[in-house]
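Chemist: Need a 3D model of the sequence below.
(2 chains)
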Amino acid sequence: MTGRGDGPEGEPQGPAEGEPARAAHVPGEREPNRAVRVSGRSVKVSGRAPWVLVVPAVAGLVFLVLPLVGLVVRAPWSTLPSRLAEPHVLEALRLSLVTATAATVICLLLGVPLAWLLARAEFPGRRIARALVTVPLVLPPVVGGVALLLVLGRRGLVGQWLESTFGVSLPFTTAGVIVAEAFVAMPFLVISVEGALRAADRRYEEAAATLGASRWTAFRRVTLPLVMPGVLAGAVLCWARALGEFGATITFAGNFPGTTRTMPLAVYLALETEPEAAIVLSLVLLAVSVLILASLRDRWTGAATG
Amino acid sequence: MSLHARLVVERPAFRLDLELDVAPGEIVALLGPNGAGKTTALRALAGLAPLAADGFIELDGQAVHRRPAEQRPVGMVFQDYLLFPHLSALDNVAFGPRCRGSGKAEARRLAAELLARVGLADLAKVRPGELSGGQAQRVALARALAVQPRLLLLDEPLAALDAHTRLEVRSGLRRHLEGFDGATVLVTHDPLDAMVLADRLVVIERGRVVQEGPPAEVAARPRTDYVARLVGLNLYRGTAAAGRVKVGELLFSTSEPLDGPAFVAFSPAAVALYRSRPDGSPRNLWQARIEGVERHGDNVRVHLTGPVTAFADVTPAAVAELDLTTGREVWVSVKAAETHAYPA
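Modeler: Numbers count the residues shown, from 1 in each chain, chains lettered A, B, ... in the order given. This is a model prediction of the structure:
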């Protein structure tokens, strides 16, 4: 998060370059373990890292990266463009992007106020509410899908009423996909925003109040801009989680091409019939995730340091 | 009275209870040690701390203590200013007018005018992160004044500044405060800030007023040990009769005719130290032991114990000549003309 902060911090040290001999020599000889600053970059001269930590650390890194490398290596690069242009791939990709974005918007609209309530308001049962919010985080997504069916399904508690009153049925529709994704992804947003709200200095809200701001105005014009890095980080996590959602989606919304078959579902399906297509689809998912992360990273670290 | 209030705030193991009256244009400093309740008093005035049932706040004859903070005609400058980091200096100042119903253009016009008044017209577009401490303080002041308050509150307005800029900012602040026609209450633990900025001091200890009055009077006639330490005087409580004040076994001559409970105060500089008993009157004279010696400006401050504890300021030459070291017994005398007594 501090990647950007290092830049301007390094600059003022430029002029010190003119007298490195005095700065580095004398104290350097007495204290060989001291961190010596060389033109803005800090070079830490210290004992070697213990192998008990280094070996598992490297193994962990390899474990995380190797499958991705495998994906890239085994990708059928020659037929890639034609496979990507296939209508069912584009369809699944479009559906995934649309539903994940819609789910994120829903999560923002409901999750940010919920995070505010958990972080700021005093009400009985707040601790329990907080614990409940995190349940979807640890719940197996398939179980989430079953639970959604029981509540929002055609014969479900709320679903029955939705159907009889509005004629709306969620299961096995694109809207159902969005509901399933939002259900699974919202805790990521809530936790991230709540953390940012707790870390934010509440006295800014008091300052706003003395200037005549109602609590809503203070939230909109002061608190929200202050916690925006946390909101963005939460939204990215939430979006990524929604994009990859599989279990709840297939349970609650089914697997219909064009309406509920999102990328992860398409990958799973393709793996049985044509593995190469599965690799291509996976590669697309990977690329999209990396792209979004990279493009948003700058913006949210910039906001965090500024 | 512009402000007429009784501030009662109850906390576990702490109760603030003080009456406060401030005339229009008057600047009152709440002075007190840490934890005395100064900031709590300010927060109660602003509506950020709840007032107990027997407290009240009247501004220009109107009760405001039932209103929430955002509906009180009060401007506040916070200790570390709390300028909104995501808004420019101009938008920080325009924030209040916007919240109180001004249009965007109108609010900005007013904000620009206020920034110009505190000499920051050319920094309007700058974010708070790029302002110096003194500049941030002036933006905070402009922001508080932008809501056209009837009561201006300043919480330790100079505490966030380093000693170097403090001097300059202090006199600038005094000038800006003089231009404000409402009541001003500022909180500080620095007696110098209070003396320079305020027309009247209200000293608080443990949630209660222990002394109030014009700065010169408080400085000359402290009524508690805390105030005496602040203004740098030795202070004792005794009983006066026939031109003398009896403090324990000691007798102090004074020029003031007094009877009954009285305070005796004198400056450490009025104290003279001797190795052997000096000739003359036994009044204002006692024997003490040196408990500590420390530098104090150009002089040396000697801490004395004995029938009373006292501070004496002597020259480094005297320290050398008399060999004033810790543990040594000395005779202490105070000139009668520099001893002030007043009713307790």
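Chemist: Average pLDDT for stretch A:130-142, rounded please.
Modeler: For stretch A:130-142, mean pLDDT rounds to 90.
Chemist: which parts of that stretch are buried?
Modeler: For stretch A:130-142, the buried set under the neighbour-count rule, 16 or more other C-beta atoms under 10 Å in any protein chain shown, comprises A:R130, A:V133, A:P136, A:L139, A:P141. Glycine gets a C-beta too; all of them are placed from N, C-alpha and C.
Chemist: before we move on, which element is the closest residue in space to the first one that isn't next to it in sequence in?
Modeler: With sequence-adjacent residues excluded and distances taken as C-beta to C-beta, 6 or more residues apart in numbering or on different chains, A:R130 is closest to A:L118, at 5.3 Å. When elements are defined using DSSP states H and E, A:L118 is found to belong to helix A:87-120.
Chemist: re earlier: go through the buried residues of stretch A:130-142 and name the one nearest B:E156.
Modeler: The closest of those to B:E156 turns out to be A:R130 (C-beta to C-beta; 35.5 Å).
Chemist: Okay, and the closest residue in space to B:A124 that isn't next to it in sequence sits in which element?
Modeler: On the basis of C-beta to C-beta, 6+ apart, the spatially nearest residue to B:A124 that is not a chain neighbour turns out to be B:L90, at 4.0 Å. Using DSSP H and E, the secondary-structure element containing B:L90 is helix B:89-99.
Chemist: now for the longest helix anywhere in chain B, which elements pack on it?
Modeler: Among all segments of chain B classified by DSSP state H, the helix with the greatest residue count is helix B:163-178. Packing contacts for helix B:163-178, counted by 3 or more C-beta pairs under 8 Å, 6 or more residues apart in numbering or on different chains; DSSP states H and E, involve helix B:133-145, helix B:191-197.
Chemist: as a whole number, average confidence for the last one?
Modeler: Taken as a whole, helix B:191-197 has a mean pLDDT of 88.
Chemist: For residue 228, the count of nearby residues, please.
Modeler: You didn't say which chain, so I picked chain A. Per other C-beta atoms under 10 Å in any protein chain shown, the neighbour tally for A:M228 reads 17.
Chemist: nope, chain B please
Modeler: 18.
Chemist: Look up the closest residue to it, ignoring the ones flanking it.
Modeler: The shortest distance from B:A228 to any residue other than its chain neighbours is 3.5 Å, reached at B:L235 (C-beta to C-beta, 6+ apart).
Chemist: What strands line up against whichever helix or strand that neighbour is part of, and which way round?
Modeler: The secondary structure element spanning B:L235 is strand B:234-241 (assigned by DSSP H and E). According to DSSP bridges, strand B:234-241 forms sheet pairs with strand B:244-247 (antiparallel), strand B:260-266 (antiparallel).
Chemist: any idea what the residue nearest the centre of chain A is structurally, helix, strand or coil?
Modeler: Note on chain A: the residue nearest the mean C-alpha position is A:L237, at 1.0 Å, using C-alpha atoms, centre = their mean. Following DSSP: H, G, I helix; E, B strand; the rest coil, we place A:L237 in the helix state.
Chemist: what about residue 75, neighbour count?
Modeler: As the question left the chain open, I've gone with chain A. There are 17 residues near A:A75, going by other C-beta under 10 Å.
Chemist: hm, I was asking about chain B
Modeler: 28.
Chemist: The strands paired with strand B:234-241: which one's closest to B:L18?
Modeler: With respect to B:L18, and counting by C-beta to C-beta, the nearest of the strands paired with strand B:234-241 is strand B:260-266 at 22.0 Å.
Chemist: Quick check: mean pLDDT of that closest one?
Modeler: The average of the pLDDT scores along strand B:260-266 is 91.
Chemist: buried sites along that strand?
Modeler: Of the residues in strand B:260-266, those with enough neighbours to count as buried (16+ other C-beta under 10 Å) are B:A262, B:F263, B:V264, B:A265, B:F266.
Chemist: ok, B:V187 to A:E205 distance?
Modeler: The span separating B:V187 from A:E205 equals 21 Å under the rule C-beta to C-beta, to the nearest Å.
Chemist: sorry, that was for A:V284
Modeler: Taken as C-beta to C-beta, the spacing of A:V284 relative to A:E205 amounts to 44 Å.
Chemist: could you pull out the strands for the stretch 201-344 of chain B?
Modeler: In chain order, the stretch 201-344 of chain B shows strands spanning B:208-213, B:234-241, B:244-247, B:250-253, B:260-266, B:271-274, B:285-296, B:299-305, B:310-314, B:329-334, B:340-343, with DSSP state E, counting those that start in this stretch as the criterion.
Chemist: still on that earlier bit, wait, what's in contact with the residue nearest to A:R130?
Modeler: The contact partners of A:L118, by C-beta atoms under 8 Å, 6 or more residues apart in numbering or on different chains, come to A:R126, A:A129, A:R130, A:V133, A:V190, A:E194.
Chemist: Same check on A:L269?
Modeler: Residues in contact with A:L269 (C-beta under 8 Å, 6+ apart) are A:N255, A:R261.
Chemist: remind me which residues of the stretch 201-306 of chain A are low pLDDT?
Modeler: Applying pLDDT under 70 to the stretch 201-306 of chain A flags residues A:296-306.
Chemist: how about a markdown table for the strands paired with strand B:234-241, with distance to B:R67 added?
Modeler: Conversion of the strands paired with strand B:234-241 to a markdown table gives the following (distance: least, C-beta to C-beta, whole Å):
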| stretch | distance to B:R67 |
| --- | --- |
| strand B:244-247 | 50 |
| strand B:260-266 | 42 |
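Chemist: quick one: which of those strands is nearest B:A29?
Modeler: Counting by C-beta to C-beta, and looking across all of the strands paired with strand B:234-241, nearest comes strand B:260-266 at 20.7 Å.
Chemist: Output that closest one as PDB - backbone C-alpha positions only.
Modeler: Taking Å, rounded to 0.1, in the frame of the first residue of the first chain, the C-alpha atoms of strand B:260-266 are listed here in PDB:
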ATOM      1  CA  GLY B 260      -7.800  36.300  59.100                       C
ATOM      2  CA  PRO B 261      -6.900  33.700  56.600                       C
ATOM      3  CA  ALA B 262      -4.400  35.000  54.000                       C
ATOM      4  CA  PHE B 263      -2.100  34.000  51.200                       C
ATOM      5  CA  VAL B 264       1.600  35.000  51.100                       C
ATOM      6  CA  ALA B 265       3.300  35.000  47.700                       C
ATOM      7  CA  PHE B 266       6.700  35.900  46.600                       C
END
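Chemist: Okay then, goodbye and thanks.
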